[in-house]
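Colleague: just need the structure, nothing else, for what follows:
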Amino acid sequence: MKLGLQLGYWGAQPPTNHRELVAAAEAHGFDSMFTAEAWGSDAYTPLAWWGSETERIRLGTSVIQMSARTPTACAMAALTLDHLSGGRHIVGLGVSGPQVVEGWYGQPFPKPLARTREYIDIMRRVWAREAPVTSEGPHYRLPLTGDGTTGLGKALKPIVHPLRSDIPVFLGAEGPKNIALAAEIADGWLPLFYTPRLADQYNEWLDEGFARPGARNTRETFEICATAHIVVTDDREAVYAAVKPMLALYLGGMGSEDTNFHAEVYRRMGYADIVDEVTALFRSGRKDEAAQIIPDAAVDDSAIIGDEAHVREQIRVWEAAGVTTMLVSPGSAAEIERLAALVR
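Modeller: Below you'll find the predicted structure:
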């Protein structure tokens, strides 16, 4: 089992301790660090900023939103950071949701699976640098022609020769079809709310992707980097109380009332009634009540909270379920050191 540091995205203000956390992760043997984005801070700037202070750790995005960048712009950022880091970059992609894609980026959301396939194919053409990059679309046509264009578009190759012609791509995926797509065309899966309890179900979806003609990886070469909220404590109730408001936001406040992919994950876990109640309370402004009705079991499904013996045992359970890296968000260098010791 490997550990990754999940720095996430910024809140109202930039975090003040990320330099300390990154240095500790590098010093204590963490395999990777990841940044994210929503509709505030971007993922690439902090990743390059803090990544410049590391020498060994892999630098990933978990995740960047496809609609924020054209596939060629994303490929440019990736090949640049891959050069600067000496070949340590991982591109973690996600489609986000219609509220963000259409509301923030002004891009259409439909056909996310087809868009993902086309997007990654274009990025790999850029990195391969075998010929000027073209794409017949329909989502990302290169060169762009037709009404509203000059007709002067030209197929191009990147000026910079990529350090690696095939940079790893991981997919943030929550639904069955998207998870199967990750196994087929990507090098890893970035689940947000992973529960070992449903490992057999995940494996069915992954195996569907691995079995498709031309699949890039097998189970042995595919990475599963699961976000895991790990807290070593003797006061589990206090940690549950701190975690539940965040979980209520994801279950009841993300997306729209009838299109919330995070909520669907918990429905598949068996919490449909709880999701409905949390959503109704959260959207009526009763956010504290929404958090309070979430059962401890719903937190435990995708988190590890308890004393050292419990944490060690559960890490073994996650590893046996197929997780190769646990992405954790410790709050201090001391917590990083403690987690590293537990995994060792």
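Colleague: all the helices of the stretch 201-344 of the chain, residue numbers only.
Modeller: 236-248, 261-269, 272-283, 287-292, 296-300, 308-320, 333-343 (DSSP state H, counting those that start in this stretch).
Colleague: for the second one, C-alpha coordinates in PDB please.
Modeller: To tie it back to what came earlier, the one meant is helix 261-269. Extracted in PDB, the C-alpha atoms of helix 261-269 (Å, rounded to 0.1, in the frame of the first residue of the first chain):
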ATOM      1  CA  PHE A 261     -23.200  12.100  -8.900                       C
ATOM      2  CA  HIS A 262     -21.800  12.000  -5.300                       C
ATOM      3  CA  ALA A 263     -25.300  11.300  -4.000                       C
ATOM      4  CA  GLU A 264     -25.700   8.400  -6.500                       C
ATOM      5  CA  VAL A 265     -22.600   6.800  -5.100                       C
ATOM      6  CA  TYR A 266     -24.200   6.700  -1.600                       C
ATOM      7  CA  ARG A 267     -27.400   5.400  -3.100                       C
ATOM      8  CA  ARG A 268     -25.500   2.500  -4.500                       C
ATOM      9  CA  MET A 269     -24.000   1.900  -1.100                       C
END
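Colleague: of all the residues in that helix, which ones are buried?
Modeller: Neighbour-count burial for helix 261-269, counted by 16 or more other CB atoms under 10 Å, picks out 261, 262, 263, 264, 265, 266, 267, 268, 269. For glycine as for every other residue, the C-beta is placed from the backbone atoms N, C-alpha and C.
Colleague: save those residues as JSON lines, and put in pLDDT and distance to residue 167 too.
Modeller: JSON lines is the format used below for the buried residues of helix 261-269 (pLDDT from 0 to 100; distance: CB to CB, whole Å):
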{"residue": "261", "pLDDT": "86", "distance to residue 167": "26"}
{"residue": "262", "pLDDT": "90", "distance to residue 167": "28"}
{"residue": "263", "pLDDT": "90", "distance to residue 167": "32"}
{"residue": "264", "pLDDT": "91", "distance to residue 167": "30"}
{"residue": "265", "pLDDT": "91", "distance to residue 167": "28"}
{"residue": "266", "pLDDT": "92", "distance to residue 167": "33"}
{"residue": "267", "pLDDT": "93", "distance to residue 167": "34"}
{"residue": "268", "pLDDT": "93", "distance to residue 167": "31"}
{"residue": "269", "pLDDT": "93", "distance to residue 167": "33"}
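Colleague: can I assume residue 205 is in contact with residue 184?
Modeller: No - under the criterion of CB atoms under 8 Å, residue 205 makes no contact with residue 184, lying 10.7 Å away.
Colleague: mutual contacts of the two, please.
Modeller: Shared contacts of residue 205 and residue 184 (CB atoms under 8 Å, 6 or more residues apart in numbering): none.
Colleague: kindly list the longest helix within this structure.
Modeller: helix 112-128 (DSSP state H).
Colleague: roughly how far apart are the closest residue to residue 338 other than its chain neighbours and residue 192?
Modeller: The spatially closest residue to residue 338, leaving aside those adjacent along the chain, is residue 232, at 6.1 Å (CB to CB, 6 or more residues apart in numbering). The gap separating residue 232 from residue 192 is 22 Å, by CB to CB, to the nearest Å.
Colleague: ok, now residue 295?
Modeller: According to CB to CB, residue 295 stands 19 Å off from residue 192.
Colleague: do residue 263 as well
Modeller: Distance, residue 263 to residue 192, by CB to CB: 12 Å.
Colleague: go on, residue 284?
Modeller: Taken as CB to CB, the span from residue 284 to residue 192 is 25 Å.
Colleague: of these two, which one has the most company?
Modeller: Using other CB atoms under 10 Å as the criterion, residue 284 and residue 192 rank with residue 192 on top: 19 against 11.
Colleague: is that one in a helix, a strand, or coil?
Modeller: coil (DSSP: H, G, I helix; E, B strand; the rest coil).
Colleague: burial check on the closest residue to it other than its chain neighbours, number of neighbours?
Modeller: Setting aside the residues directly before and after it, residue 192 is nearest to residue 227 in space (CB to CB, 6+ apart), at 5.2 Å. By the criterion of other CB under 10 Å, residue 227 has 23 neighbours.
Colleague: do residue 238 as well
Modeller: Residue 238, neighbours per other CB under 10 Å, totals 12.
Colleague: what does residue 319 give?
Modeller: 15.
Colleague: go on, residue 324?
Modeller: So residue 324, with other CB under 10 Å, has 17 neighbours.
Colleague: what pLDDT does it get?
Modeller: Looking at residue 324, its pLDDT is 97.
Colleague: for residue 64, same thing?
Modeller: 97.
Colleague: name the surrounding residues that touch stretch 163-173.
Modeller: By CB under 8 Å, 6+ apart, stretch 163-173 touches 60, 62-63, 78-79, 82-83, 86-87, 89-94, 116, 120, 123-124, 127-129, 178-179, 181-182, 185-192, 223, 225.
Colleague: ok, stretch 293-313 next?
Modeller: Contacts for stretch 293-313 (CB under 8 Å, 6+ apart): 193-195, 197, 227-234, 236, 239-240, 243-244, 247-248, 251, 266, 269, 271, 274, 277-278, 281, 314-315, 318, 342.
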